[in-house]
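Novice: Pasting a predicted model and its sequence here:
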Amino acid sequence: MKYFRAQLHLTQQELAVFLGISQSLLSMYEKNLRELPVQASLKLARLELELHQFQQQKAISDLKHALHQQKNMRKLETLLNRQARQAEWNLLRLSEALDKMKERQKQLDLKLAFIKRLMTPGSSWLEDKPLLQNMMLDAEAALDGCDVACQQRMTYQLLLLKSRIKIMRQAQETVRQLLKPETDGR
């Protein structure tokens, strides 16, 4: 009886009122000193049955809720995985673009150095100075697209992507850990 009351979070007085008996009679019943009247026993049996049915319904509801949460966690894990793979692909693409940009800068720097050498005083190529100046302007314009500032921006974007991937993978692992006990329990 005491256990039953504890499950319902009822005091002796509350249960006694509900059963239509005095609190002292309930106390004696809990101590096995007296028997409950038949009507009180019937009410108690119906109340225990209701509690049992309530607990079963709650267990089913809790299970449904847990399954729903597990389904949502699996969706989250899939989404995190998809986004991390996309970010990794972007990281690879951006890394390749940065490498090409650095290589292009080296080529253009070499081209500019060579043009400047051809334009030095006393060079036999000075008669082609207008052509060389035009080539120099073209090379400098091309350099604008792969200068140090552009490379730094791309490096910053790479760092952001790496951080994003790390965070997504950590979140994905957390989700896996949360799902693990439920998977092991089956």
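Specialist: Nice, thanks for sending it over.
Novice: and the longest helix for the chain?
Specialist: As assigned by DSSP state H, the longest helix anywhere in the chain is helix 38-118.
Novice: tell me the mean pLDDT over that one?
Specialist: Across helix 38-118, the average pLDDT comes to 95.
Novice: which helices and strands sit right next to it?
Specialist: Under the contact criterion of 3 or more CB pairs under 8 Å, 6 or more residues apart in numbering; DSSP states H and E, helix 38-118 touches helix 2-8, helix 12-19, helix 129-144, helix 148-184. (Glycine included, C-beta is placed from N, CA and C.)
Novice: Now the helix or strand that the second one is followed by: buried residues?
Specialist: For helix 12-19, the succeeding helix or strand toward the C-terminus, using DSSP states H and E, is helix 23-30. For helix 23-30, the neighbour count (16 or more other CB atoms under 10 Å) marks L25, L26, Y29, E30 as buried.
Novice: contact partners of helix 23-30?
Specialist: Contact with helix 23-30 is made by M1, K2, Q12, Q13, L15, A16, L19, R34, E35, L36, as judged by CB atoms under 8 Å, 6 or more residues apart in numbering.
Novice: ok, so of the residues you listed, who is nearest I165?
Specialist: For these, the residue nearest I165 by CB to CB is K2; the value is 56.9 Å.
Novice: who touches that closest one in this structure?
Specialist: Counted by CB under 8 Å, 6+ apart, K2 has contacts E30.
Novice: same question, Q151
Specialist: Neighbouring residues of Q151 by CB under 8 Å, 6+ apart: L98, M101, K102, Q105.
Novice: Now for those: which two are most distant?
Specialist: Using CB to CB, the contacts of Q151 span at most 10.5 Å, a distance reached by L98 and Q105.
Novice: most remote residue from the chain's center?
Specialist: G122 (67.1 Å; CA atoms, centre = their mean).
Novice: For R93, see how far away K166 is.
Specialist: Noted for K166: a distance of 18 Å to R93, by CB to CB, to the nearest Å.
Novice: for L108, that is, sorry about that
Specialist: To R93, L108 is 22 Å away according to CB to CB.
Novice: Then L160?
Specialist: To R93, L160 is 14 Å away according to CB to CB.
Novice: Same check on M1?
Specialist: Per CB to CB, M1 is found 71 Å from R93.
Novice: And Q69, by the same measure?
Specialist: 36 Å.
Novice: And for R74?
Specialist: 29 Å.
Novice: swap in Q152?
Specialist: The gap separating Q152 from R93 is 18 Å, by CB to CB.
Novice: So for the closest residue to R117 other than its chain neighbours, what's the pLDDT?
Specialist: The shortest distance from R117 to any non-neighbouring residue, by CB to CB, 6 or more residues apart in numbering, is to S123 (7.5 Å). Note on S123: pLDDT of 90.
Novice: next one: L179
Specialist: Reading off the model, L179 has pLDDT 86.
Novice: Measure how buried it is and give me the count.
Specialist: 16 (other CB atoms under 10 Å).
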